[in-house]
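Asks: my questions are about this predicted structure, shown below with the sequence.
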Protein chains: 2
Amino acid sequence: MASQDQYLSFSSSGFGKWLTGTLGLPQPIPLVRYRPGKPELRGPVVVGAAPGSKIEDFLASALRAMGAVTLYHPDSADWRLAAGRHEVMTGRFVPEDSGRTGALLFDATAIADTEGLKALYAFFHDTIRSLATNGRIVVIGTAPEDADSIEAAAIQRGLEGFTRSLGKEVRRAVAVQLVWLKPGGEASLDSTLRFFLSGRSAYVSGQTVRVGVPVTGVVDRPDPARSQAGRTVLITGASRGIGLSIAETFARDGAQVVLLDIPPAASELAKHAERLGGAALALDITSPDAQDAIAADAAGRGGYDVVVHNAGITRDKTIAKMSASQWDSVLDVNFAAPLHITEKLLVAKAIRPNGRVVFVSSLSGIAGNLGQSNYALSKAALIGAVGKLAPLAATEGVTVNAVAPGFIETQMTAAIPFAIREAGRRMNSMSQGGLPVDVAETIAWFAHPGSGGINGAVVRVCGQSLLGA
Amino acid sequence: MASQDQYLSFSSSGFGKWLTGTLGLPQPIPLVRYRPGKPELRGPVVVGAAPGSKIEDFLASALRAMGAVTLYHPDSADWRLAAGRHEVMTGRFVPEDSGRTGALLFDATAIADTEGLKALYAFFHDTIRSLATNGRIVVIGTAPEDADSIEAAAIQRGLEGFTRSLGKEVRRAVAVQLVWLKPGGEASLDSTLRFFLSGRSAYVSGQTVRVGVPVTGVVDRPDPARSQAGRTVLITGASRGIGLSIAETFARDGAQVVLLDIPPAASELAKHAERLGGAALALDITSPDAQDAIAADAAGRGGYDVVVHNAGITRDKTIAKMSASQWDSVLDVNFAAPLHITEKLLVAKAIRPNGRVVFVSSLSGIAGNLGQSNYALSKAALIGAVGKLAPLAATEGVTVNAVAPGFIETQMTAAIPFAIREAGRRMNSMSQGGLPVDVAETIAWFAHPGSGGINGAVVRVCGQSLLGA
């Protein structure tokens, strides 16, 4: 947290302002993150839909569960009926009179041609100025591969360009996402809306995610504050930084956590495990007996519900200067070990139904990075592993997804030279670095019992970094 | 060209050097582009392969056609046999003695585990320092979806992170690409290697492309300097800028060009068409009779071989300030018209076998852009259209692909405010903007008669811009 504060004060310095102006970035606004017991929404949710939508009832039900107050765009007066059926408070959105709103939710699933896009334009043209800082924007579309015509598919794909542009222009700590609904995913939108409409997704923006039929069917809504109650979660690299934050977040949400890290970190690991009411597993994931040891631990607990592969190392060098051992160790720790452990656990049926595997990839794995040919390869390979494992794991009732963190404030990033660090922090729609908890909340969303419809996804936690490929 | 020169002189100014240093970008090196009659390669091609490769003969044959001299990495001495069979000059690569090399070509198709990756490391570790400025790097992998195991698929996907990192660290105007081979694509690598190993791809880097079974079977190699001889090519928006450069490039390569633009540009259009020995078609692609008029023109010429949808407009505003007509016109011109014209031509069978459709998308369509919610939507929708049209058009022997230009020096970009323009130009691995001909050469590669194995691709022409999603 200290480095975050340091950054916010830096941003108003002369150099920070100059860089900001040059790159067209505004001053950062403190992100309002989720806190148990605090309201999840920042104000009313403005709702709109393109004509022909068939998911109003699902949306109304999900918003009701969040305790949302809604306002409907004048073109979407049908919302009153769905809101009425689900006892959601609603009223008409009036630009000058409605005051600050907390979120904009547009249902674009029925858009099939440019005519249909007019509703999208009208909704955001009319409502976007009402949105409070730290507000949320969610567009729900139809997955392009499921659209009925070439034009519809193309436009649904096009929404990605639209939401990404919106994220870059709206700023003010507003996060913008696109959810692509697949057939049968309607009843499982809850966990995703709760994530994207709340402060849990404070540092996630410009992302697209598909929601389809859940791998183990639709489940009952858990208590939102204890969504991981009764679940056992293994986290690797858990003694500090992002891994520790993941463990803390799952423990907060009621999970039994198993913290894994290398033997030299054993005493710290034990301390954190005790504090979180969990267990410690001190072993090197690249050791020959690691797979058996982890499978045995899983068996002893009746299987894991969630496995989070967070352990990772960097050995940065240009390829000409990199040693063979720097190359090998990064690939072994970051890629081979988590893949083989996952395969072992799946074969041993040591991940329970409605279970989750989450890999921590990296923006480097998407865009590549100077001096990280080994690291970027390992993190891109994890994305490849997600693509291949997801359909296989689904047959066991398990999903496999990845997060790709951008600039997250940790001991690792604190070591980056000043100017590059500042540039990295600033070059995103939030104009600041993220915190470990932002990565943890995203993983908790994948791991939510109601997120079984999200499988094979790669979601960046990067404040909509300008960087990419 | 004038603005390009202006830029290169700017880059050595105090401000330019400062920005360069801050963002970690070096001074730009003038790009050496393809010129008919000049050597296509800048020096010997260093060849290497992971053990188990089965495509040496195809590579040797393609390199022989380019007149390449090769050097083999000591670990890949088998290359001598393939080189001998195809009469390719070859010798052993010796780090200190081999002098400057022109390209590094590594065959990674057989890599299936981290053990196999050691050969990739050794090859680039040993050879990368030998590469001349404006050199080329090509890694050939197996398309992840066709790999034999989860681990192999993951690693093949991981190569994307590797090549992108290499592009960012090697600089010196070196372009780096990843070609993913699909089964049956081996015999059609020629046009792609010729593009990626020559100055035709000067401003293309960090890209991945799949090469598979060609839509109309393997074709004879055309004369490289006249690869479009006997082909008729329609180019929209052809009166100036990128469109005019596309027309000039196709005319240079021997095509009969049909230049299309709006009626107000008719006289300029006619002038350019005459100069290029082509025809002019002055019409508005969004007019009600445009589709029929274009289909009639095609019919009158016995069909088109290539259709390049380059016409596009911008109407930049934030969504709150954007008018409905600004929204509509951008979507109509950039997306709906090219899609409907393509559908019309395909249905009318007015694109001949081994034909091509190429859409000009944009980096904005991938990453989104401030104030371009309409434009980014339209350009992202074109990417969606490629995905849906490609498999359908293949049944007619036609491929459908897209280019996504980054910062290209045109009248349009010359109007961007100074500081933002400089930042846009510098934030890529070439540290400079591209030229219209860079986009044109990329389209000419898609349109090459030997490129029938490339279908559904989106290739950025952006010097490996840092920007993305």
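Replies: All right, it came through fine.

Asks: A:Ala447 versus the residue lying closest to A:Ala336 once chain neighbours are set aside, what's the distance?
Replies: Nearest in space to A:Ala336, with sequence neighbours left out and distances taken as C-beta to C-beta, 6 or more residues apart in numbering or on different chains, is B:Thr114 at 4.9 Å. (C-beta placed from N, C-alpha, C; glycine too.) Between B:Thr114 and A:Ala447 the computed distance is 28 Å (C-beta to C-beta, to the nearest Å).

Asks: show me where the stretch 101-250 of chain A has strands.
Replies: A:101-107, A:131-142, A:175-181, A:207-211, A:232-236 (DSSP state E, counting those that start in this stretch).

Asks: just send those strands back as TSV, with mean pLDDT, mean neighbour count and distance to B:Val403 too.
Replies: Formatted as TSV, these follow (pLDDT from 0 to 100; neighbours: other C-beta atoms under 10 Å in any protein chain shown; distance: least, C-beta to C-beta, whole Å):
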stretch	mean pLDDT	mean neighbour count	distance to B:Val403
strand A:101-107	98	26	31
strand A:131-142	98	23	25
strand A:175-181	98	26	24
strand A:207-211	98	23	22
strand A:232-236	98	29	41
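
Asks: B:Thr114 and A:Ala447: who's more crowded?
Replies: A:Ala447 (28 against 21; other C-beta atoms under 10 Å in any protein chain shown).

Asks: residues in contact with that one?
Replies: A:Ala447 makes contact with A:Gln228, A:Arg231, A:Val233, A:Phe250, A:Asp305, A:Val306, A:Val308, A:Arg356, A:Val358 under the criterion C-beta atoms under 8 Å, 6 or more residues apart in numbering or on different chains.

Asks: of those - the most surrounded one?
Replies: Counting neighbours by other C-beta under 10 Å, A:Val308 comes out on top of the contacts of A:Ala447 with 32 neighbours.

Asks: you'd agree that residue is in a strand?
Replies: Yes. A:Val308: assigned to a strand according to DSSP: H, G, I helix; E, B strand; the rest coil.

Asks: partners of it in the sheet?
Replies: Beta-bridge partners for A:Val308, by DSSP bridges, are A:Ile235, A:Val358.

Asks: and the gap between the residue nearest to A:Gly167 when sequence neighbours are not counted and B:Leu166?
Replies: Leaving aside its chain neighbours, A:Gly167 sits nearest to A:Val176 (3.8 Å; criterion: C-beta to C-beta, 6+ apart). Plainly put, A:Val176 is 32 Å away from B:Leu166 if you go by C-beta to C-beta.

Asks: equivalent analysis for A:Glu169, please.
Replies: Taking C-beta to C-beta, one finds A:Glu169 at 34 Å from B:Leu166.

Asks: for the stretch 1-150 of chain A, which spans come out with low pLDDT?
Replies: Across the stretch 1-150 of chain A, the ranges flagged by pLDDT under 70 are A:1-26.

Asks: now the helices: where do they sit in it?
Replies: Counting by DSSP state H, counting those that start in this stretch, one finds helices in the stretch 1-150 of chain A at the ranges A:2-10, A:14-23, A:56-65, A:79-85, A:114-127, A:150-170.

Asks: and among these, the most buried is which?
Replies: helix A:150-170 (a mean of 27; mean count of other C-beta atoms under 10 Å in any protein chain shown).

Asks: restrict it to CA atoms and write it as PDB.
Replies: Provided in PDB are the C-alpha atoms of helix A:150-170 (Å, rounded to 0.1, in the frame of the first residue of the first chain):
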ATOM      1  CA  ILE A 150     -22.400 -12.900 -40.700                       C
ATOM      2  CA  GLU A 151     -23.400  -9.300 -40.000                       C
ATOM      3  CA  ALA A 152     -24.600 -10.000 -36.500                       C
ATOM      4  CA  ALA A 153     -21.500 -11.900 -35.700                       C
ATOM      5  CA  ALA A 154     -19.300  -9.100 -37.100                       C
ATOM      6  CA  ILE A 155     -21.100  -6.500 -35.100                       C
ATOM      7  CA  GLN A 156     -21.100  -8.500 -31.900                       C
ATOM      8  CA  ARG A 157     -17.300  -8.800 -32.400                       C
ATOM      9  CA  GLY A 158     -17.200  -5.100 -33.100                       C
ATOM     10  CA  LEU A 159     -18.600  -4.400 -29.600                       C
ATOM     11  CA  GLU A 160     -15.100  -5.100 -28.400                       C
ATOM     12  CA  GLY A 161     -13.700  -2.100 -30.200                       C
ATOM     13  CA  PHE A 162     -16.600   0.000 -28.800                       C
ATOM     14  CA  THR A 163     -16.200  -1.000 -25.200                       C
ATOM     15  CA  ARG A 164     -12.400  -0.600 -25.400                       C
ATOM     16  CA  SER A 165     -12.800   2.900 -26.800                       C
ATOM     17  CA  LEU A 166     -15.300   3.800 -24.100                       C
ATOM     18  CA  GLY A 167     -12.900   2.700 -21.400                       C
ATOM     19  CA  LYS A 168     -10.200   4.900 -22.900                       C
ATOM     20  CA  GLU A 169     -12.400   8.000 -23.200                       C
ATOM     21  CA  VAL A 170     -14.500   7.800 -20.000                       C
END
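
Asks: what's it packed up against?
Replies: The contact analysis (3 or more C-beta pairs under 8 Å, 6 or more residues apart in numbering or on different chains; DSSP states H and E) places helix A:150-170 against helix A:114-127, strand A:131-142, strand A:175-181, helix B:337-347, helix B:363-367, helix B:373-394.

Asks: now the angle from it to strand A:101-107?
Replies: 170 degrees (axes from the mean of the first three to the mean of the last three C-alpha atoms, to 10 degrees).

Asks: what distance separates helix A:150-170 from the centre of its chain?
Replies: 19 Å (C-alpha atoms, centre = their mean, to the nearest Å).

Asks: same thing with stretch A:29-36?
Replies: 15 Å.

Asks: in TSV: the strands of the stretch 101-250 of chain A, plus distance to B:Gln27.
Replies: Shown next, in TSV, are the strands of the stretch 101-250 of chain A (distance: least, C-beta to C-beta, whole Å):
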stretch	distance to B:Gln27
strand A:101-107	45
strand A:131-142	40
strand A:175-181	37
strand A:207-211	36
strand A:232-236	43
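
Asks: B:Pro288 is nearest to which of the ones you listed?
Replies: Among the strands of the stretch 101-250 of chain A, the nearest to B:Pro288 by C-beta to C-beta is strand A:131-142 (28.7 Å).

Asks: ok, A:Arg136 touching A:Val170?
Replies: No. Using C-beta atoms under 8 Å, A:Arg136 makes no contact with A:Val170, being 10.5 Å away.

Asks: overlap in contacts of these two?
Replies: Once C-beta under 8 Å, 6+ apart is applied, the residues that A:Arg136 and A:Val170 both contact turn out to be A:Val176.

Asks: picking up where we left off before, between the contacts of A:Ala447, which sits nearest chain B?
Replies: Checking the contacts of A:Ala447 against chain B by C-beta to the nearest C-beta gives A:Val358 as the nearest, at 15.5 Å.

Asks: so what are the domain limits for chain A?
Replies: A:1-26, A:31-211, A:224-461 (automatic domain parsing).

Asks: just to revisit the earlier point, can I get the helices and strands packed on helix A:150-170 in TSV with distance to A:Met89?
Replies: Formatted as TSV, the helices and strands packed on helix A:150-170 follow (distance: least, C-beta to C-beta, whole Å):
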stretch	distance to A:Met89
helix A:114-127	18
strand A:131-142	18
strand A:175-181	23
helix B:337-347	42
helix B:363-367	38
helix B:373-394	30
